[in-house]
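>>> Quick one, structure for this:
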Amino acid sequence: MMKILGKYGKDDLAILYIAKHDGKIVEFVESLQPPIPREKKWVLIISTMYGCPVGCLMCDAGEYYHGNVSADGMLKEIDFMIKNRFPDGKIPINKFKIQFARMGEPTLNEHVLEVIKTLPERYEAAGLMPCISTVAPNGCEKFLDELIKIKDELFSDGNFQIQFSIHSTDDNERHKWMTKNIWSLKKIAEFGNRWFKEGDRKVTLNFAVAEDSKIDPKVVKELFNPKKYWIKLTPINPTNKAVNNKIQSGITEDNTEYFPLVQEFRNLGFDAAISIGEWEENDIGTNCGQFATQYKDGKVGIKDSYTTTNYTMD
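Predicted coordinates for the structure are as follows:
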């Protein structure tokens with residue numbers, strides 16, 4: 001049983017839900033990309049773990065780790081958001097993305113594969129596109145090899161998105177920000193070359209950009225083929241961890257129109273862009289997070305406009 005404890009946000013932008021499942025707190029998000037209407041694009045972002053064992057310096061999810069969310073639990077997260085808007089399970093949306101990217105490292109939870117395989121038969125959604133975001137921790141090899149098979153069988157022709165969050169081209173900085181127990185850039189490139197087939201979406205290489213980030217586009221070009229990869233630069237969101245670790249974002253509202261690093265990547269042949277939600281989402285808590293790490297006794301620390309409900313899903 002999953003009980004929705006509350007929600008926070010705006011219907012025309014993004015809503016974050018806090019829930020209790022198997023006695024543990026979890027969170028998930030539905031969001032839009034204004035001015036694109038919901039019938040054109042709708043994104044669900046679900047948690048695959050209760051917290052996260054990786055412990056990235058800018059991510060609040062790593063404040064604790066209470067295990068993996070079950071396949072049933074993840075499907076309940078998805079079902080709640082779908083049934084709230086499309087009770088018959090038919091989702092008439094051009095681009096319907098389900099991102100396994102809220103709390104947790106999805107490649108360390110084998111139940112994620114089970115959920116992804118279930119999606120096409122569970123929902124009537126021609127625009128369905130599952131999305132995996134990973135830091136590529138050691139031990140994820142079997143998961144990602146199986147994911148290639150699932151993608152080729154069920155989500156060919158560009159209907160699956162995979163993202164590697166690499167953040168830096170400097171090994172020491174990557175190990176400091178995330179963990180030493182992650183794949184090298186070379187290993188990520190070797191996997192991506194096996195992953196990518198004609199017609200697939202390009203593999204995303206994501207850099208969360210701090211003021212002093214070490215990001216060398218030439219290092220990326222040496223390892224990654226611009227025909228198979230695209231570059232996404234994102235701000236450092238104002239999480240508790242980022243603030244406590246004094247990590248300042250190199251991307252701000254003032255410099256998004258022209259950011260030299262974008263042009264440096266483009267000059268080397270990459271598709272590259274700054275990717276941000278609405279800045280207002282930082283206040284809502286859907287760009288960053290995580291509310292679940294702050295949830296105590298029915299209240300969410302610094303967020304006073306939190307709304308509670310008593311919805312229960314069997």
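
>>> residues in contact with the most centrally placed residue in the chain?
Centroid-nearest residue in the chain: A101, 2.9 Å away (criterion: C-alpha atoms, centre = their mean). A101 sits next to I45, I46, C131, I132, S133, Q163 when contact means C-beta atoms under 8 Å, 6 or more residues apart in numbering. Every C-beta, even on glycine, is put in place using the N, C-alpha and C of the backbone.

>>> now swap in T134 and tell me
E105, P106, T107, C140, L144, I162, Q163, F164, S165.

>>> per-residue confidence at I162?
As predicted, I162 sits at a pLDDT of 98.

>>> what's the helix or strand containing it in contact with?
If you go by DSSP states H and E, I162 is part of strand 161-165. With contact meaning C-beta under 8 Å, 6+ apart, strand 161-165 is reached by 97, 101, 129-136, 147, 151, 178, 188, 192, 195, 201, 203-206, 208, 232.

>>> Output the contacts of T134 in TSV, with distance to T239 and neighbour count appended to each entry.
As requested, the contacts of T134 are arranged in TSV below (distance: C-beta to C-beta, whole Å; neighbours: other C-beta atoms under 10 Å):
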residue	distance to T239	neighbour count
E105	16	29
P106	19	29
T107	22	23
C140	24	19
L144	27	19
I162	24	22
Q163	19	18
F164	20	23
S165	14	23
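
>>> quick one: which of the contacts of A101 is most hemmed in?
Counting neighbours by other C-beta atoms under 10 Å, I46 leads those with 29 neighbours.

>>> Verify the stated contact: that residue with M74.
Yes. The criterion here is C-beta atoms under 8 Å, and I46 meets it with M74 at 5.8 Å.

>>> what is in contact with these two at once?
With C-beta under 8 Å, 6+ apart, I46 and M74 have common neighbours F100.

>>> and S168, what is it in contact with?
R174, W177, F207, S213, K214, I215.

>>> Could I get the full set of helices for the stretch 1-150 of the chain?
71-85, 111-122, 141-154 (DSSP state H, counting those that start in this stretch).

>>> got the ones you listed as CSV, with mean pLDDT and distance to L223 columns?
Formatted as CSV, those follow (pLDDT from 0 to 100; distance: least, C-beta to C-beta, whole Å):
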stretch, mean pLDDT, distance to L223
helix 71-85, 96, 33
helix 111-122, 97, 26
helix 141-154, 98, 17
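
>>> can you list these in a markdown table and add distance to A14?
Listed next are the helices of the stretch 1-150 of the chain as a markdown table, based on distance: least, C-beta to C-beta, whole Å:
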| stretch | distance to A14 |
| --- | --- |
| helix 71-85 | 12 |
| helix 111-122 | 22 |
| helix 141-154 | 27 |
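
>>> which one of these lies closest to Y64?
Taking C-beta to C-beta, helix 71-85 is the member of the helices of the stretch 1-150 of the chain nearest to Y64, at 16.9 Å.

>>> Next, the angle helix 111-122 makes with the closest one.
Going by axes from the mean of the first three to the mean of the last three C-alpha atoms, to 10 degrees, helix 71-85 is angled at 40 degrees with respect to helix 111-122.

>>> Who are the packing partners of helix 71-85?
strand 2-10, strand 14-21, strand 24-31, strand 41-46, helix 111-122, strand 312-313 (3 or more C-beta pairs under 8 Å, 6 or more residues apart in numbering; DSSP states H and E).

>>> one more time with 10 Å
Helix 71-85 sits against strand 2-10, strand 14-21, strand 24-31, strand 41-46, strand 95-100, helix 111-122, strand 312-313, with contacts defined as 3 or more C-beta pairs under 10 Å, 6 or more residues apart in numbering; DSSP states H and E.

>>> among the ones you listed, which is the most enclosed?
Across these, averaging neighbours per residue (mean count of other C-beta atoms under 10 Å) puts strand 24-31 on top, at a mean of 25.

>>> quick one: the residue nearest to T107 when sequence neighbours are not counted and E105, what's the gap?
Excluding the flanking residues, the one nearest T107 by C-beta to C-beta, 6 or more residues apart in numbering is C140, at 3.6 Å. Distance, C140 to E105, by C-beta to C-beta, to the nearest Å: 8 Å.

>>> before we move on, what about I247?
Counting by C-beta to C-beta - I247 and E105 are separated by 20 Å.

>>> same check, this time on I25
18 Å.

>>> cool, Q263 as well?
Applying C-beta to C-beta to Q263 and E105 gives a distance of 32 Å.

>>> How about V43?
20 Å.

>>> list the contacts for F96?
The contact partners of F96, by C-beta atoms under 10 Å, 6 or more residues apart in numbering, come to 38, 41-44, 82, 86, 119, 123, 125-130.

>>> count of residues packed around the residue lying closest to it once chain neighbours are set aside?
Spatial nearest neighbour of F96, chain neighbours left out: G127 (4.3 Å); criterion: C-beta to C-beta, 6+ apart. Neighbours of G127 under the rule other C-beta under 10 Å: 16.
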